[in-house]
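In: Got a sequence here, can you build the structure:
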Amino acid sequence: MAPMGRRDGSDTLNRSSDALNRSSDALKRSWMDGYICTSSQNSNAIAAKLHIEDIRKRKFLIGESRPNPLTEDLQNAVANLSSELYTKDVHFLMELIQNAEDNEYLAGVKPTLEFVLTTADITGIGAPATLVFNNEVGFSKTNIDSLCGIGRSTKRGQRHQGFIGEKGIGFKSVFLVSGLPHVFSNGYQIRFSEIPNPDCAIGYIVPEWVSTNPTYSDIRAIYGSGKALPNTVIILPLKPEKVEAVKKQLSEIHPEVLLFLNKIKRLSIRETSSKTCNADSISAVSISTDTNLVSLKTQGANCRVVHLSVQEEVDATETTCPYYVWRQGFPVKPNNMVDARKDIKEWVISLAFPSGERLKWGTSSTGVFAFLPTAMVTNFPFIIQGDFILSSSRETILFAYLLKNGDFFH
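Out: Got it, this is the predicted structure:
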């Protein structure tokens, strides 16, 4: 028998083993709800649950007797970040598209991003929802850690590798339209609340495990049971005052949004009034064909033709417009390098010329892109794309960087 005041090691091990088994059984039941669970999926779910429990305990001291001395500062910082940096609801859409572009995809997969608006209350809080489906490889532990922090972008300093995100604040923008965003990916099934967690007095960045609503069967019913569920699903139960605004912004996403993206090949928007996948309306834009880059004699220049296709109704035929894209790189002068682009040795400008009538939805228009549309509109018959340094709201270009020490490039 172990001495009084000490725990027997085998007893502690047995307790831990029992707890893990109970967690495993619960997760098996959750994953079995809606589809057959493989051993790999079950293993991912168990590891994900343990990771979330570790974050809650280690970072936010949930379940600990000692208070977190940074509680007030953390809550103020993240609340200000979410409410002040963005001036229009549209930015959460741009951030989600940007994140999807930066995600990793398996070889042979056509990267796709799908928005589904449903009146069904799948989260059980009495709100319609927007679901975002992305067929990427799924969230890693590092990605989850980034969601549970402020300014912890996993892509900072990697512009040269093709990443277009950098500020580490993108996902927080969803709190403009949803008070309880959910993330289902790679075994993780979590949500974040803008209301401070009662156990640590911090909101926005504290993960909560989702064990009830929605279930995978709920998600699958809305997506469609006849096709494989994408690895990543983001669920945004909408704030009542934001429902119409989200519908409007989704309907006005410009079809040229894919023009300067390297990965995403299809973006669709579907609206349904029930818990099924039957669409009341649908619109989609895709890159139907994309010619290989053709190098030109001009130093650092190449060109290609991108065919964008648009479908505006469920049974409508696609409308296609070819865009002739001229791309030229310019070496950056050493004395013009800035911290935000210190890994970039060549600055690239692209001009896209539509051949025929430009694609358009609603009254939206575009002029200047920084991979995705900015708020700057020109009257030019072509589109300008550059890796411009933007304000945190993604609305405006910070021209001070371009004007630093005169010309930006040779």
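In: Okay, buried residues for the helix or strand harbouring Ile46 please.
Out: Secondary-structure element containing Ile46, defined by DSSP states H and E: helix 39-58. For helix 39-58, burial by neighbour count (16 or more other Cβ atoms under 10 Å) applies to Gln41, Asn42, Asn44, Ala45, Ile46, Ala48, Lys49, His51, Ile52, Ile55, Arg56. Yep, even glycine has a C-beta here, placed from its N, CA and C like the rest.
In: ok, now stretch 65-78?
Out: In terms of neighbour count (16+ other Cβ under 10 Å), stretch 65-78 has its buried residues at Asn68, Leu74, Gln75, Ala77, Val78.
In: same deal with stretch 306-316?
Out: For stretch 306-316, burial by neighbour count (16+ other Cβ under 10 Å) applies to Val306, Leu308, Ser309, Val310, Gln311.
In: and what of stretch 348-357?
Out: Buried residues in stretch 348-357, counted by 16+ other Cβ under 10 Å: Ile349, Ser350, Leu351, Ala352, Phe353, Pro354.
In: again with stretch 318-325
Out: For stretch 318-325, by 16+ other Cβ under 10 Å, it's Thr319, Cys321, Pro322, Tyr323, Val325.
In: quick one: contacts for the second one?
Out: Applying Cβ atoms under 8 Å, 6 or more residues apart in numbering to Cys321 gives the contacts His307, Leu308, Pro354, Ser355, Gly356, Glu357, Arg358, Leu359.
In: Can you give me the neighbour number for Ala370?
Out: Using other Cβ atoms under 10 Å, Ala370 has 19 neighbouring residues.
In: And the helices in the protein?
Out: Secondary structure of the chain (DSSP state H): helices located at 9-32, 39-58, 71-84, 91-102, 141-147, 216-223, 243-251, 399-403.
In: out of the buried residues of stretch 318-325, which one sits closest to Pro373?
Out: Using Cβ to Cβ, Tyr323 is the member of the buried residues of stretch 318-325 that lies nearest Pro373, at 14.4 Å.
In: Look up how far Glu357 lies from the closest one.
Out: Separation of Tyr323 from Glu357 (Cβ to Cβ, to the nearest Å) stands at 12 Å.
In: same check, this time on Lys333
Out: Lys333 sits 40 Å away from Glu357, going by Cβ to Cβ.
In: How about Asn231?
Out: 37 Å.
In: do Thr319 as well
Out: Thr319 is 9 Å from Glu357, by Cβ to Cβ.
In: again with Pro198
Out: Between Pro198 and Glu357 the computed distance is 56 Å (Cβ to Cβ).
In: tell me the contacts of Ser391?
Out: Ser391 sits next to Ile397, Leu398 when contact means Cβ under 8 Å, 6+ apart.
In: ok, now Asn103?
Out: Pro111, Asn134, Glu136, Val137, Thr232, Lys263.
In: How about Gly187?
Out: Listed by Cβ under 8 Å, 6+ apart, the contact partners of Gly187 are Gln41, Ser43, Asn44, Ala45, Ile46, Ala47, Ala48, Lys49.
In: And Ala129, by the same measure?
Out: Ala129 sits next to Leu117, Thr118, Ala120, Asp121, Ile122, Thr123, Ile235, Leu236, Pro237, Leu238 when contact means Cβ under 8 Å, 6+ apart.
In: Format the CA atom coordinates belonging to the longest strand seen in the chain as CSV.
Out: Secondary structure of the chain per DSSP state E: the longest strand is strand 319-331. Taking Å, rounded to 0.1, in the frame of the first residue of the first chain, the C-alpha atoms of strand 319-331 are listed here in CSV:
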residue,chain,number,x,y,z
THR,A,319,-21.1,32.5,-69.2
THR,A,320,-17.4,32.6,-69.9
CYS,A,321,-15.0,35.5,-70.5
PRO,A,322,-11.3,35.1,-71.3
TYR,A,323,-8.8,37.5,-69.6
TYR,A,324,-5.4,38.2,-71.1
VAL,A,325,-3.1,38.6,-68.1
TRP,A,326,0.3,40.3,-68.5
ARG,A,327,2.7,39.8,-65.6
GLN,A,328,6.0,41.5,-65.1
GLY,A,329,8.4,41.5,-62.2
PHE,A,330,10.7,44.3,-61.0
PRO,A,331,13.7,43.9,-58.7
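In: Return the distance of it from the chain's centre.
Out: How far strand 319-331 lies from its chain's middle: 25 Å, per Cα atoms, centre = their mean, to the nearest Å.
In: Give the pairing partners of that strand; include direction for each.
Out: Strand 319-331 has its sheet partners listed here by DSSP bridges as strand 301-311 (antiparallel), strand 346-354 (antiparallel).
In: Same list, those, but as JSON lines with mean pLDDT and distance to Phe192 please.
Out: Formatted as JSON lines, the strands paired with strand 319-331 follow (pLDDT from 0 to 100; distance: least, Cβ to Cβ, whole Å):
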{"stretch": "strand 301-311", "mean pLDDT": "90", "distance to Phe192": "34"}
{"stretch": "strand 346-354", "mean pLDDT": "90", "distance to Phe192": "36"}
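In: Leu250: what's its closest spatial neighbour, skipping adjacent residues?
Out: For Leu250, ignoring the flanking residues on the chain, the nearest one in space by Cβ to Cβ, 6 or more residues apart in numbering is Ile269 at 5.1 Å.
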